[in-house]
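> Quick one, structure for this:
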Amino acid sequence: MVYCLLSWQFGREEIIMSQKIGTLRLALTFAGCFLGAGYVSGQELWQYFGAFGARGLLGLVLAVALLGGTGVLLLRLSARTGIETMDALIVRADIPWLRTVVGVLTAVLLFGVVCIMAAGIGALGEQMLGLPVWLGAAIACVLIAAAAYFGLGGMVSVFTVAVPCMIVAALVIAGIRLHRTGLTAAAFAAGDTNPMLGNWATSAVNYAAYNFFATVGILAPLTRHLKKPGTAVWGTVLGCVLLLAVALGVLAALAVSPESVGAQLPMLDLACRLGTAGVVYAVLLFLGMFGTSVSSLVAVLTYAGQKSARLAGHRTALLLVLTAAAFAGSLFGFGDLIGIVYPVYGYLGMAAMLLVAEHAVHARRAGNHCTATGD
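This is a model prediction of the structure:
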């Protein structure tokens, strides 16, 4: 969700350029909406898919297929209606309070991401430096608040470079591990699963739904910049292939590394077991988590300021309150937060997916009616 978060904070011009978007560029942007620090840490992927064993791989394919299908549906809906704002795409009727609810829920999700990333940095400090998790999270929150206060947007943009590097590093580490140990079907054994996710199919739909909910705001504005209508389909398909490749690499590596699965940051634990690669991966994870958390926090502050003049006038006080709340939330732990926040938004996201589908059907019928009547 890195690029999605940054788009809300810094404006579309940071991501959407004046030139037309081709298949490859759309694929990278689409995949970039989902490939973040949580994804390549291994925790998110293992909870949603790896814990279900071999059936979890079917769930992964189903989740990516749903993301691809709803992604194309969204792009075509935006093209047909000319609507680019998230709340208006999800809520077809002009109901201000309901659209405000959508915006508030998104802001709460972004705040949840701050808590998750702070907890992740705390877990990183424990794994790499032996720091108490609470101390690492506290230091992270102070740094996040400072960056948000001084408006270091350019710095956060630089940190997003860490995400592509993490993807490459994750694939290299997975490749080394698999080369050393080999891979058999027996490796994909089911383990402890999150009761909030139910079975592998429910988990897959939940995963696709929460990611869809979080990325509507960045995918929709891309429509008017696509080179041709077919770009939406082929760019999304290629993006799905990239998502699958990274996820399969991470899951396969963890499947043959049961000693790493129990760690808060499984892929970091695996990288550390391979030698100095752990230090490199730790730095990249820190940059990715820090950049995501700062962009999320500033996005929440910006949204609050837009909705309330009083909050806008007390930005520093609001920042301090949010930072303290984020620290308190981070104490629940990286893995537990992922296991609670993302599933909750997954179920909310299912409603968002259905509403967008209903909007698309209505728009298509309205378009066909206009064509038939010559309007």
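
> give me the number of residues near the closest residue to residue 22 other than its chain neighbours?
Distance criterion CB to CB, 6 or more residues apart in numbering; nearest residue to residue 22, sequence neighbours excluded, is residue 227 at 5.3 Å. (Each C-beta comes from the backbone N, C-alpha and C, glycine too.) Neighbours of residue 227 under the rule other CB atoms under 10 Å: 14.

> Next: residue 94.
What residue 94 shows, counting by other CB under 10 Å, is a neighbour count of 8.

> repeat for residue 241
Residue 241 has 13 nearby residues by other CB under 10 Å.

> residues contacting it?
When contacts are counted by CB atoms under 8 Å, 6 or more residues apart in numbering, residue 241 touches residue 27.

> So the residue nearest to residue 22 sits against residue 25, correct?
No - judged on CB atoms under 8 Å, residue 227 makes no contact with residue 25 at a distance of 9.2 Å.

> And stretch 359-368, what's buried?
Residues of stretch 359-368 classed as buried by neighbour count (16 or more other CB atoms under 10 Å): 359, 360, 363.

> And stretch 97-113, by the same measure?
Neighbour-count burial for stretch 97-113 [16+ other CB under 10 Å]: 99, 102, 103, 105, 106, 107, 109, 110, 111, 112, 113.

> In contact with the fourth one, which residues are there?
Think residue 105. Neighbour list for residue 105: 345, 348 [criterion: CB under 8 Å, 6+ apart].

> Against residue 268, how distant is it?
From residue 105 across to residue 268, the span is 31 Å (CB to CB, to the nearest Å).

> How about the last one?
Counting by CB to CB, the gap between residue 113 and residue 268 amounts to 19 Å.

> repeat for residue 52
Taking CB to CB, one finds residue 52 at 23 Å from residue 268.

> gap between residue 94 and residue 216?
Taken as CB to CB, the span from residue 94 to residue 216 is 18 Å.

> just residue 269 next, same as before
34 Å.

> the more surrounded of those two?
With neighbours defined as other CB under 10 Å, residue 269 and residue 216 compare such that residue 216 has more, 26 against 21.

> For the more buried one, which non-adjacent residue is spatially closest?
residue 86 (4.5 Å).

> so residue 181 touches residue 255, yeah?
No - if you go by CB under 8 Å, residue 181 and residue 255 don't touch, sitting 9.8 Å apart.

> who's more crowded, these two?
With neighbours defined as other CB under 10 Å, residue 181 and residue 255 compare such that residue 255 has more, 26 against 13.

> Can I get stretch 295-311 as PDB, trimmed to CA atoms?
Included here for stretch 295-311 are C-alpha records, laid out as PDB according to Å, rounded to 0.1, in the frame of the first residue of the first chain:
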ATOM      1  CA  SER A 295       3.100   9.000   4.900                       C
ATOM      2  CA  SER A 296       0.200   7.400   6.600                       C
ATOM      3  CA  LEU A 297       0.400   9.700   9.600                       C
ATOM      4  CA  VAL A 298       0.600  12.800   7.500                       C
ATOM      5  CA  ALA A 299      -2.300  11.600   5.400                       C
ATOM      6  CA  VAL A 300      -4.400  11.300   8.600                       C
ATOM      7  CA  LEU A 301      -3.400  14.800   9.700                       C
ATOM      8  CA  THR A 302      -4.200  16.200   6.300                       C
ATOM      9  CA  TYR A 303      -7.600  14.600   6.200                       C
ATOM     10  CA  ALA A 304      -8.500  15.700   9.700                       C
ATOM     11  CA  GLY A 305      -7.400  19.300   8.800                       C
ATOM     12  CA  GLN A 306      -9.600  19.200   5.700                       C
ATOM     13  CA  LYS A 307     -12.600  18.100   7.700                       C
ATOM     14  CA  SER A 308     -12.300  20.300  10.700                       C
ATOM     15  CA  ALA A 309     -10.900  23.900  10.900                       C
ATOM     16  CA  ARG A 310     -10.500  23.400  14.700                       C
ATOM     17  CA  LEU A 311      -8.200  20.400  14.200                       C
END
